[in-house]
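*Asks:* sequence first, then the predicted structure, then my questions.
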Amino acid sequence: MKKIILRGAYSGAIMALAAGSALASPANVANFYSGKTVTVIIGSGMGGSYGLYGQLTAQFLGEHIPGNPKVVVQSMPGGGGTKALAYAYNAAPKNGSYLVGGHQEVLQETVLRPKVKFDVRNFRWLGRYMDVDYVGFVSGKSGIKTLDDARKRQVIVGATGARAANALGSLAFNRFAGTNFKVVTGYKGTAEMFAAIERGEIESVTATWVVMKAFHMPKIQSGQLVPIFAMALNRLKDYPDVPAITEFGSNESEKKFLRFWASGGMIGRSVFTPPGVPAERLSALRSAWDKMVATKKFREGAAKRRASLNLLRGEVLEKKIAAAMQLSESDIKTARRVYGELLKSAGKKKKK
């Protein structure tokens, strides 16, 4: 048999890998995490689905990480989630003590905003709890019952920020489906927006179907909240009569943009780390997440919180994200043009 000799970069890489493996022991990881606090950053208030899954992470992940650190959730709203993403990417410690709970817009923002201070391809993913689609709901008191009704008169919509999914959903239907939503930004989170609906301050909110099922089903069933559109690749099984955004677009370029945009739902409610976390700690965190979601204790905890699950391991999710990011220069140019048009139509900020 011919002897194979590795030279140069190949031999150096093998030696480095072997040395790294020797250092990446459970004891080293446990020593680092023992007595520490791991912070899960979410870019919204605690009343929505990011808060829901962030709390699940905080409750159950720590006991599966070597050293059993305490895990807490830190709310950092702003810019529709981009403030938290930029902080995690640029300022948070890269030692495995900070995680991010969400945000699915990280994929779109990477492409649509050339000056954004993060890149979805450089975050490292532990896993996904649930794929997430957004649904536009109107107040039953508004008299609006279908998407066509929202073409006939102005409908006031609440949102956290102009770039947030809860704003862009309505703006996209204005642009591609001819609706007449007026978006008012500046709300701190989903809970505040639903309180505003109760006060009659706004008439519509775009929220995740996960949150709606968990917290608002009685109001949906009674007709107090009415679904009229879905920011999703396909119509929802629960509401086959409610149109999805991908059904619109006047040409193939616009339709491709809408399919890309709706693909953020596959990221859904996930957990990931900033770039640069040491390999052995990333491996330990991924292993901890895998172990956590497999336990009966976690499943019962999720059920108690009415948190839906459609689990996906971090390595698999990273491959799906890489595939979604395979866009041509023409695709990116079109996406940024349309995105800019949507932002210009965002409307006003609510009065404090």
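*Replies:* Yes, it's here.

*Asks:* tell me where the stretch 151-300 of the chain has strands.
*Replies:* Along the stretch 151-300 of the chain, counting by DSSP state E, counting those that start in this stretch, strands occupy 155-158, 181-185, 204-208, 225-231, 269-273.

*Asks:* Serialize these to a markdown table and add fields for mean neighbour count, mean pLDDT and distance to Gly45.
*Replies:* Using the backbone N, CA and C atoms, a C-beta is placed for each residue, glycine as well. Compiled in a markdown table, these are given as follows (neighbours: other Cβ atoms under 10 Å; pLDDT from 0 to 100; distance: least, Cβ to Cβ, whole Å):
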| stretch | mean neighbour count | mean pLDDT | distance to Gly45 |
| --- | --- | --- | --- |
| strand 155-158 | 24 | 96 | 13 |
| strand 181-185 | 22 | 94 | 14 |
| strand 204-208 | 26 | 92 | 12 |
| strand 225-231 | 24 | 96 | 19 |
| strand 269-273 | 26 | 96 | 15 |
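
*Asks:* what's the neighbour count on the spatially closest residue to Thr295 that is not a sequence neighbour?
*Replies:* Of all residues not flanking Thr295 in the chain, Phe60 sits nearest, at 7.5 Å (Cβ to Cβ, 6 or more residues apart in numbering). As a burial measure, the neighbour count of Phe60 was computed by other Cβ atoms under 10 Å and equals 21.

*Asks:* for Met292, see how far away Phe60 is.
*Replies:* In this structure, Phe60 lies at 5 Å from Met292, with Cβ to Cβ, to the nearest Å as the measure.

*Asks:* likewise Gly158?
*Replies:* Here the distance between Gly158 and Met292 works out to 34 Å (Cβ to Cβ).

*Asks:* got any ranges where the stretch 1-150 of the chain has weak pLDDT?
*Replies:* Per-residue confidence for the stretch 1-150 of the chain (pLDDT under 70) gives these ranges: 1-25.

*Asks:* can you map out the strands along it?
*Replies:* Counting by DSSP E, counting those that start in this stretch, the stretch 1-150 of the chain has strands at residues 37-42, 70-75, 98-101, 124-130, 134-139.

*Asks:* out of those strands, nearest to Val271?
*Replies:* Set against Val271 and scored by Cβ to Cβ, the strands of the stretch 1-150 of the chain come closest in strand 124-130, at 4.4 Å.

*Asks:* contacts for the closest one, please.
*Replies:* The contact list for strand 124-130, computed with Cβ atoms under 8 Å, 6 or more residues apart in numbering, reads 53, 56, 99, 210, 266-273, 275, 277, 282, 285-286, 288-290, 293, 302, 307-315, 317-318, 321.

*Asks:* can you check stretch 228-239 too?
*Replies:* Counting contacts by Cβ under 8 Å, 6+ apart, the residues outside stretch 228-239 that touch it are 133-138, 144-147, 149-150, 165, 168-169, 172-173, 177, 179, 206, 209, 227, 241-246, 259, 261-263, 265.

*Asks:* which of these are buried, as a PyMOL select command?
*Replies:* To isolate the buried ones among the contacts of stretch 228-239 in PyMOL, judged by 16 or more other Cβ atoms under 10 Å, type:
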select buried, resi 133+134+135+136+137+138+144+146+147+149+150+165+168+169+172+173+177+179+206+209+227+242+243+244+245+246+261+262+263+265
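
*Asks:* so which of the contacts of stretch 228-239 are in helices?
*Replies:* Under the assignment DSSP state H, the contacts of stretch 228-239 contribute Asp149, Ala150, Ala165, Leu168, Gly169, Ala172, Phe173, Ala177, Trp209, Arg259, Trp261, Ala262 to helices.
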